[in-house]
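Engineer: I would like the atomic coordinates for the input below:
(chains A and B)
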There are 2 protein chains.
Amino acid sequence: MRHALDITRKDDFAAWYQAVVSQADLAEESGVRGCMVIKPWGWGIWERIQRLLDDRIKETGHENCYFPLFIPLSYFAKEAEHVEGFAKEMAVVTHHRLKSENGALVVDPDAKLEEPLVVRPTSETVIGQAMGRWIQSWRDLPLKLNQWANVVRWEMRTRMFLRTSEFLWQEGHTAHATGEDAMEETLLMLEVYRSFAEDVLAIPVIAGEKPENERFPGADATYSIEAMMQDGKALQAGTSHYLGTTFSQAADISYQDDQGAQQLCHTTSWGVSTRLIGGVIMTHGDDDGLRVPPRIAPHQIIVLPMLRGKDGDGDIIAYCEEIRKTLTSQDAFREPVRVLLDPRPGKAAQKRWDWVRKGAPIIVEVGPRDMASEQVSVLRRDRLWREDGKADINGESRDDFLFNAASLLEEIQENLFTEAQTRRDEAIRTDIEDMDAIAEYFAEGADKPGWIRAAWSRPTGEALDRIVEQLKALKLTLRNIPNEGGKPEAACIFTGEEAAEYIYIARAY
Amino acid sequence: MRHALDITRKDDFAAWYQAVVSQADLAEESGVRGCMVIKPWGWGIWERIQRLLDDRIKETGHENCYFPLFIPLSYFAKEAEHVEGFAKEMAVVTHHRLKSENGALVVDPDAKLEEPLVVRPTSETVIGQAMGRWIQSWRDLPLKLNQWANVVRWEMRTRMFLRTSEFLWQEGHTAHATGEDAMEETLLMLEVYRSFAEDVLAIPVIAGEKPENERFPGADATYSIEAMMQDGKALQAGTSHYLGTTFSQAADISYQDDQGAQQLCHTTSWGVSTRLIGGVIMTHGDDDGLRVPPRIAPHQIIVLPMLRGKDGDGDIIAYCEEIRKTLTSQDAFREPVRVLLDPRPGKAAQKRWDWVRKGAPIIVEVGPRDMASEQVSVLRRDRLWREDGKADINGESRDDFLFNAASLLEEIQENLFTEAQTRRDEAIRTDIEDMDAIAEYFAEGADKPGWIRAAWSRPTGEALDRIVEQLKALKLTLRNIPNEGGKPEAACIFTGEEAAEYIYIARAY
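Structural biologist: Take a look at the predicted model:
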C-alpha cells in the first residue's frame, strides 16, 4: 500500500504529527510567535467539541458567562501562592496607543497605562473577585459558572494544539458552602471529562488524582484524565481542581450561613482546551493522516461525484444530492447525520485522498457506472486498506448503504475507541517492581515504552521529591492515581511500604 | 401601576439604560477599565444570537476558523490608509514576563518583546496575510471565512454593550475573483444582517449604503443596518464592506485566472458585535426592565411554583415539572421551547418581578389553588399591565395554556417587532426641506426628535465635508442611503440639485 502521508508514525512521531496537522488542513503557523491559525476543518472539530461538552456542562447545572481578557497586575499579587507556582511567562499590555513617527508606526510612549494589564493565563483571580461580590448568603450557593475563552501563556517552545501561546479552552469556576460539596463538584466534572473523552472523542483515559507535586498552584487536590498517545507518552487531557479556601481567602468569597454566621466558600476550577485536538490526532491518526471520530467530525460522510467535465455531470450531481438529502434526514448519535456533497472541480482521486488525510469517517464515491446500477462506492476511514495493499473501496447497493449509514458511523466511533483502548492496555506494564526495573524499561532505544502502573504508598514531602527527581532523570513523571484502581496486593515500589493504591508513571507531553 | 425599575425612560434614558443592564442581570463593571463582565442572562442572550446568526452564516456558504489574538505591529504598517483612518487606540503587548521584586509583582524589564504585539482591533491584516498564502488559482475562489472572536479598541468613554474596550463579535472576510462577485457578497451579508435583526431580534432596520465620509477605512463602499432606539437615536447595528483591492494589494491576495494571468482578488468584510444586545435593550426595554424577544430568550417560559415552605410544596413542584416537560416537548420557531422551572427559595412576588426585569417572555405561576383547579396564572411580558394599573396576570386552564404556548411565543415575537416598527415609522420625518428646518427640528428641548429622511444628490468631496460639518454642529450624522428607498420626487435638501435617492439623518450612538 502507498500511504497518503510521506512520513510514518514509526519514522518520526513528532514530524508525523506536524504532517497530519498540516495535511489534514487543521492549522498552520500564523507568523505570530507561538500562535496558530486554526483552519476550517480544525475549527469545525473544535466547534463539535464545544457544542457537545457545553451541553454536558449545562446539563450538570452550570451557567456560561464571560469575564475580561485583561487582568490588572495587582489582582495577581493577592494570590501569591498561585502566581509563585504559576509560570510568570505572561503577555503584558503596557500601552494603549500607536502613533506615526517618520512614516512608521510605533508605540506611543505617552500612552503608558498606569497599571499594566496581564492577558489572562487563567481566570481564577478575576472570577474570584466577582464571586466575592455576587455571593452573600447560603441561598446564593452553589454558584456554578463556566466560560469559553482564549487564554495566553508565553510558552518558550510551542507545538500546534499541544502547547501554543494563545489557546482556547473552557474554564469552570464554582463556589460551594462546604468542602464536601466542592469535592463532589470536582469529581463530578472529572467524570464529565472522562465520559466526554471516551464517548465523544473515543479516547480512553485514566481518571485519577495527581500526586502532590503535580497539583495546580493553590489547589488542595488536582484530578486529571490521562490519555496514552501512539508513541506511548501520556497526555494530560483535562484537569479538575478542588481549591479548598485558598482563593476564597484571597478574594473574600464568603457567605452568611443559615445561622447568620459568616463562612468562607470552598471553590473548584476545571478546564479542557484545544489541546484535546492534539490528543485526537495522536490517538486516532495513522500513516494516511487523521481519522476523526464520527461524533466530532464536521462532516461525517463525504459524497464525491466522479465528474468528467461532460454533459452527464449534472445527472451525477443530482443523484448525489438525493443521497445527501436522504442521509441528512437520518440521525446518528441522536443528531442529524452531517453530510457534505463535494462537487468542486478537481481530479476525483486527489479529492478522495484529501478527504482521507482529513479523516472524514465515510467517503462515498459515485461515478456514472454506480449511478446506472444504483450503487455507490464506499470507503471507511477506519478500515482503509485491504490485505492486498489496495484501498478497500466497496461497491454497494445505494439503498443498503443509505439504510446502514447511521449505524456504520456509530460502529466506526466504537471501533476507534476499542482500537485505542486495546493498544493502550497492551502498553501498560504492571509487573515492574523497583526503580532499576523502571530505568531498564525506559532505557534509550527501548521500543514503544508505554506506561507503568505501580503500587505506591503515596509518599509526601521530601520522600516524594526524591522520587520525582529520580524519575525526572529518566524523563518520567508521575501521572495520576486512578480512581478505579483498587488496592494493590503489593508493596510500594518506591518505599517498600504497604501500598493502598496504584499510580501511573510515564513520559508525557 | 408601580413600575419594576426606579427610573423611567422619560426621566433619563441613559440612566434607565444602565438600570436595565444592571437589574436585568445582563452585565456589570469588571473593575478592569472599559471591560465588562457578561453575566449568565446576558451571556445566554449572546449565545442565542451567536447560534442563530452562525447558522445563517454557514447557510450562505461561509466556513468558521480562528486567527491569532495578537497582530505584530509591522502588519499594520502595510495598510497605512487602513490604520490612518482607524483609531490608533489599541492595547499593545510589549513584555512577556512578570517577576517578583521586593515582594511585589512587576513587569520584568528584561522580557521586552522584539516587536510589540497589538491586541487585534479587527483582523483584516492577519487574515489578509493568510488569504495571500491560501489562494493560488481561480479554483480557490471564492474563499468565504468567518470567525467569532474578542477584539479590543481602547475606547476613552465606554458604555456597557454599546462601547467597551473589549467586545465580542463575528468578523467575516471573503475573497473573490471579480468586483461583481465581491459586491454581491457584500450585499448578501447586508441582507443576512437585515433579516436577522428583524426576524430574530425583532429590531426593524434600514439597510443601505453609508455616505462616503462614513466608510470603513480602506473600503470602496460600506453598507449598514441602522436601527432607531427609543430615544430617537440611531444605532449602527451591523456593517458590510466592499473593500475592492485595497487589502489585496497590501497583502498580495492574488490568483491565477483560467487564462493563466495573475489577478488581484476583491475582498469584503462584515461584522456584528455584542453591541446588538445594547440595541435589544434600547428597542424593547420598558420601565419594568428588559423584554427579550422569544427567539433569543435563554429561557422563553419561566414556571414559578408558589411555594409556602409547607408539605404541599413537593406536589406543586411535581405539577410544575409536568408543565415544564410538556412545554419542552413542543416547538416554537422550529426549535424546542426553552423552559425553566424556578423552584429556588424566596418570595414568589419577588421572583416574579426578577423575571419581569430580566424580560422572560412568559411567566407561569402555579399555586395550590391553580393546581387544585388544573389552572395556571399567566403573565405575558409584552402586555404586562391592565388599564386599571394592575399586573395583567390571567388564570387560564392549564391545558389551554399548554396548547397555545408555542404560538403565544411567536405572537409575542411579532408584537415586539410591530411595536418597534410602528414607533420608528412614526418618528421618521419626511417633510423637512432644508438645513434650517433640520436645525429647528433638532433644537434643544424638542421632544423625541427621531430621524429625518431627506432627498439628496450624493454630494462628494468638499461639498460633502461642508454638509457633514454643518450637521455635526447639530450633533447629527448622515446614517445611510436606503437600498429600498426608491427615487424621490424632490430636489436634494442640501444642494438643490436633482435627487436620485434618499438619506437618513439622525443623532446616533
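Engineer: show me the shaky parts of chain A.
Structural biologist: By pLDDT under 70, the low-scoring segments of chain A are A:78-87.
Engineer: give the other helices and strands that the host helix or strand of residue A:409 contacts.
Structural biologist: Element membership for residue A:409, per DSSP states H and E: helix A:398-426. Where contact means 3 or more C-beta pairs under 8 Å, 6 or more residues apart in numbering or on different chains; DSSP states H and E, helix A:398-426 is packed against helix A:275-284, helix A:313-328, strand A:331-332, strand A:362-366, strand A:375-380. C-beta coordinates here come from the backbone N, C-alpha and C atoms, glycine included.
Engineer: can the longest one be said to contact chain B?
Structural biologist: Right, helix A:313-328. No - applying C-beta under 8 Å from any C-beta of the partner chain, one finds helix A:313-328 out of contact with chain B, separated by at least 13.4 Å.
Engineer: buried residues in stretch A:320-338?
Structural biologist: A:320, A:323-324, A:326-327, A:332-333, A:337-338 (16 or more other C-beta atoms under 10 Å in any protein chain shown).
Engineer: and that stretch, end to end?
Structural biologist: End-to-end distance of stretch A:320-338: 14 Å, with C-alpha to C-alpha, to the nearest Å as the criterion.
Engineer: neighbouring contacts of that stretch?
Structural biologist: Counting contacts by C-beta atoms under 8 Å, 6 or more residues apart in numbering or on different chains, the residues outside stretch A:320-338 that touch it are A:294-295, A:297-301, A:303-305, A:339-341, A:343, A:364, A:366, A:376, A:398, A:402, A:405-407, A:409-410, A:413.
Engineer: name only those of those that count as buried.
Structural biologist: A:294-295, A:297-301, A:303-305, A:339, A:341, A:343, A:364, A:366, A:376, A:398, A:402, A:405-406, A:409, A:413.
Engineer: quick one: which of the helices and strands packed on helix A:398-426 is nearest residue B:174?
Structural biologist: helix A:313-328 (24.1 Å; C-beta to C-beta).
Engineer: and the angle for the closest one with strand A:375-380?
Structural biologist: Counting by axes from the mean of the first three to the mean of the last three C-alpha atoms, to 10 degrees, helix A:313-328 lies at 60 degrees to strand A:375-380.
Engineer: quick one: contacts for residue A:135?
Structural biologist: A:141, A:143, A:175, A:253-255, A:265.
Engineer: can you do 7 Å?
Structural biologist: A:141, A:143, A:175, A:253, A:255, A:265 (C-beta atoms under 7 Å, 6 or more residues apart in numbering or on different chains).
Engineer: before we move on, back to that, tell me the first helix or strand C-terminal of the helix holding residue A:409.
Structural biologist: Heading C-terminal from helix A:398-426 (DSSP H and E), you reach strand A:428-429.
Engineer: tell me the helices and strands packed up against that next one.
Structural biologist: strand A:451-456 (3 or more C-beta pairs under 7 Å, 6 or more residues apart in numbering or on different chains; DSSP states H and E).
Engineer: name the residues that touch whichever helix or strand comes after the strand it packs on?
Structural biologist: Next along the chain after strand A:451-456, taking DSSP H and E as the criterion, comes helix A:461-473. Here helix A:461-473 makes contact (C-beta under 7 Å, 6+ apart) with A:211-213, A:435, A:459, A:477-478, A:494-495, A:505.
Engineer: weed out the non-buried ones from those.
Structural biologist: Neighbour-count burial (16+ other C-beta under 10 Å) applied to the contacts of helix A:461-473 gives A:211-212, A:459, A:477-478, A:494, A:505.
Engineer: so which of those residues is the closest to chain B?
Structural biologist: Chain B lies nearest to residue A:212 out of the buried ones among the contacts of helix A:461-473, by C-beta to the nearest C-beta, at 23.6 Å.
Engineer: if residue A:503 is in a bridge, with which residues?
Structural biologist: residue A:454 (DSSP bridges).
Engineer: correct me, but it touches residue A:454?
Structural biologist: Yes - with contact defined as C-beta atoms under 7 Å, residue A:503 reaches residue A:454; the gap is 5.8 Å.
Engineer: tally up the residues packed near residue A:99, please.
Structural biologist: For residue A:99, the tally of surrounding residues (other C-beta atoms under 10 Å in any protein chain shown) stands at 13.
Engineer: residues near the closest residue in space to it that isn't next to it in sequence, how many?
Structural biologist: The shortest distance from residue A:99 to any non-neighbouring residue, by C-beta to C-beta, 6 or more residues apart in numbering or on different chains, is to residue A:108 (4.1 Å). Residues near residue A:108, counting by other C-beta under 10 Å, number 17.
Engineer: now do the contacts for residue A:108.
Structural biologist: Residue A:108 touches A:95, A:97-99, counting by C-beta under 7 Å, 6+ apart.
Engineer: ok, back up a step: can I get the buried ones among the contacts of helix A:461-473 in CSV with secondary structure?
Structural biologist: Listed next are the buried ones among the contacts of helix A:461-473 as CSV, based on DSSP: H, G, I helix; E, B strand; the rest coil:
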residue, secondary structure
A:211, coil
A:212, helix
A:459, coil
A:477, strand
A:478, strand
A:494, coil
A:505, strand
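Engineer: out of those residues, which comes closest to residue A:137?
Structural biologist: residue A:212 (34.8 Å).
Engineer: the closest one and residue A:485, how far apart?
Structural biologist: 17 Å (C-beta to C-beta, to the nearest Å).
Engineer: hang on, residue A:303 packs against residue A:343?
Structural biologist: No - counting by C-beta under 7 Å, residue A:303 does not reach residue A:343; the two are 8.8 Å apart.
Engineer: ends of stretch A:208-218, how far apart?
Structural biologist: End-to-end distance for stretch A:208-218: 19 Å, by C-alpha to C-alpha.
Engineer: looks to me like residue A:235 is in a helix.
Structural biologist: No - with three-state DSSP as the criterion, residue A:235 is assigned strand and is not in a helix.
Engineer: so what's it up against?
Structural biologist: Applying C-beta under 7 Å, 6+ apart, the residues near residue A:235 are A:227, A:229, A:279, A:282, A:509.
Engineer: can you lay out those residues as TSV showing distance to residue B:6 and neighbour count?
Structural biologist: Output for the contacts of residue A:235, formatted as TSV (distance: C-beta to C-beta, whole Å; neighbours: other C-beta atoms under 10 Å in any protein chain shown):
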residue	distance to residue B:6	neighbour count
A:227	55	26
A:229	59	25
A:279	53	25
A:282	58	24
A:509	56	18
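Engineer: closest to chain B among the residues you listed?
Structural biologist: Nearest to chain B among the contacts of residue A:235, with distances taken as C-beta to the nearest C-beta, is residue A:279, at 18.3 Å.
Engineer: got the contact list for stretch A:383-396?
Structural biologist: The contact list for stretch A:383-396 (C-beta under 7 Å, 6+ apart) reads A:1, A:288, A:356, A:375-379.
Engineer: go on, stretch A:362-382?
Structural biologist: Contacts of stretch A:362-382 (C-beta under 7 Å, 6+ apart): A:291, A:300-306, A:312, A:315-316, A:319-320, A:323, A:348, A:352, A:355-356, A:359-361, A:391, A:393-398, A:401, A:408-409, A:412, A:415-416.
Engineer: buried ones among those?
Structural biologist: Among those, the ones that count as buried by 16+ other C-beta under 10 Å are A:291, A:300-306, A:316, A:319-320, A:323, A:352, A:355-356, A:359-361, A:391, A:393, A:396, A:398, A:401, A:408-409, A:412, A:415-416.
Engineer: next one: the residue in the stretch 401-509 of chain A positioned nearest to chain B from residue A:416, what distance?
Structural biologist: Per C-beta to the nearest C-beta, the residue of the stretch 401-509 of chain A with the smallest distance to chain B is residue A:409, at 20.8 Å. Distance from residue A:409 to residue A:416, counting by C-beta to C-beta: 11 Å.
Engineer: alright, that wraps it up for me.
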